[in-house]
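Asker: No sequence on hand, only this structure:
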């Protein structure tokens, strides 16, 4: 069995969190850009009031030039602005507005970056807390069975729970895992989970006992009962997640992703369906690097993507598709240990969930074409695990 902590958080979840932040950043950038245009127009409206309507053509010309200067700078932020044809007063105003705009975006990006790490780290904390809660539930089941006078009327159900929790190879391995001690958070207190109440609800359930009676074979029984524990108990009515709302404000998407990751990876721990990682430092590096490369190299990345758009105008590409393409190309270029096939599969799947109905076809076509061209030219270089399945 693979290291059990690895099943809890996967790279797709990390990519989705980055996608959310990049989307928010782009929307915010658009809002600020529109606001700056309005400010420029308001500045020249006041200028017109000062010098008189008879000079409106002059003011209109200055306004057009000012907006042109800003648009050129915004499109290429490394552009040295040519101020020769700009009125001295307008230059002072524009320099201040552009400076404020740049500072705002830098601050927003820095805040987004910090929030991204905080949110992902807390997802790790939340995931590890469930591991510990399951172990505490196991201990409670064993302790309750040994106390013959405790919940005596549920004796047969107590025995079913005891056999499962005591004999489950999965749960034995989970409890023995040394890394668990390092993963469990001090931020999320044990008292967040009412294990006594959880056990009482579980021991009253005839459903768990019925599932146990139908399962054949030790391994099948182990998997079937673990499946029931997760689907019919822990995730039923968000029992586990609601216990953690003092620490983490779960959005519906957070709940959906956590449930999906936990169920699929925990119940199929021996399968390599998704790339996984539970090393926090490694995951933190991945998150920060992908966020940084995608934002800092956006202009260069988009130039490569535009070459493949053919009949599509760049501004006609859906915002979400554009971010997905930028992230995908960034990952192919700057993450040598991640196989190209993994990157393609992940962003196609992400586009199915988070963009339009046909986006996955578009994303797959562009990224596949780019990968072949950039591998052929030697610009994409993979090493280690990154060499797997790239043909």
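Answerer: It's in. Computed from a predicted structure; not experimentally measured. Residues are numbered from 1 along each chain as shown.

Asker: make it CA atoms for all contacts and neighbour counts henceforth
Answerer: Will do.

Asker: List the residue ranges of the protein that fall below the pLDDT cut-off.
Answerer: The model of the chain has pLDDT under 70 over residues 1-9, 77-79, 177-192, 237-241, 245-280, 311-315, 386, 388-391.

Asker: for it, what's the longest helix?
Answerer: Secondary structure of the chain read by DSSP state H shows that its longest helix is helix 88-146.

Asker: Quickly note the distance from the residue of the chain most remote from its centre to residue 40.
Answerer: Distance from the C-alpha centroid of the chain, by C-alpha atoms, centre = their mean, peaks at residue 54 (56.1 Å). Distance from residue 54 to residue 40, counting by C-alpha to C-alpha, to the nearest Å: 20 Å.

Asker: what's the distance between residue 124 and residue 11?
Answerer: Relative to residue 11, and taking C-alpha to C-alpha, residue 124 is found at 12 Å.

Asker: if we look at stretch 55-73, which residues are touching it?
Answerer: Stretch 55-73 is contacted from outside by 37, 40-41, 44, 47-48, 79-82, 86-87, 90, 94, 98, using C-alpha atoms under 8 Å, 6 or more residues apart in numbering.

Asker: Type out the ChimeraX command that picks the buried ones from these.
Answerer: Buried members of the contacts of stretch 55-73, defined by 16 or more other C-alpha atoms under 10 Å, are picked up in ChimeraX with:
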select :37,40,41,44,48,86,90,94,98
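
Asker: Would you check the distance separating the longest helix of the chain from the middle of the chain?
Answerer: Relative to the mean C-alpha coordinate of its chain, helix 88-146 is positioned 10 Å out (C-alpha atoms, centre = their mean, to the nearest Å).

Asker: Could you double-check that residue 371 sits in contact with residue 339?
Answerer: No - using C-alpha atoms under 8 Å, residue 371 makes no contact with residue 339, being 10.9 Å away.

Asker: so what sits against both of those two?
Answerer: Common neighbours of residue 371 and residue 339 (C-alpha under 8 Å, 6+ apart) are residue 332.

Asker: Report the two of the contacts of stretch 55-73 separated the most.
Answerer: The most widely separated members of those, counting by C-alpha to C-alpha, are 48 and 79 (29.3 Å).

Asker: for the helix or strand where residue 323 lies, packing partners?
Answerer: Using DSSP states H and E, residue 323 sits within helix 319-334. Where contact means 3 or more C-alpha pairs under 8 Å, 6 or more residues apart in numbering; DSSP states H and E, helix 319-334 is packed against helix 11-51, helix 280-296, helix 298-306, helix 340-354, helix 359-376.

Asker: do you know which of those helices lies nearest residue 203?
Answerer: Comparing the helices and strands packed on helix 319-334 by C-alpha to C-alpha, helix 11-51 comes nearest, at 33.4 Å.

Asker: Okay, angle between the helix or strand just after that closest one and helix 88-146 too, please.
Answerer: Using DSSP H and E, the next helix or strand after helix 11-51 towards the C-terminus is helix 56-75. Here helix 56-75 runs at an angle of 40 degrees relative to helix 88-146 (axes from the mean of the first three to the mean of the last three C-alpha atoms, to 10 degrees).

Asker: And helix 56-75, what's buried?
Answerer: Those would be 56, 59, 62, 63, 65, 66, 67, 69, 70, for helix 56-75 by 16+ other C-alpha under 10 Å.

Asker: Could you list which residues are in contact with residue 14?
Answerer: 120, 283, 287.

Asker: tell me the domain boundaries of the protein?
Answerer: For the chain, automatic domain parsing gives the domain ranges 15-112, 115-267, 297-387.

Asker: I'd like the ones you listed laid out as CSV, including distance to residue 291.
Answerer: Putting these into CSV (distance: least, C-alpha to C-alpha, whole Å) gives the following:
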stretch, distance to residue 291
domain 15-112, 6
domain 115-267, 9
domain 297-387, 8
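
Asker: returning to that earlier point: ok, the residue farthest from the centre of the chain to residue 32 distance?
Answerer: Distance, residue 54 to residue 32, using C-alpha to C-alpha: 32 Å.

Asker: for residue 91, same thing?
Answerer: Counting by C-alpha to C-alpha - residue 91 and residue 32 are separated by 20 Å.

Asker: Brilliant, that's me finished.
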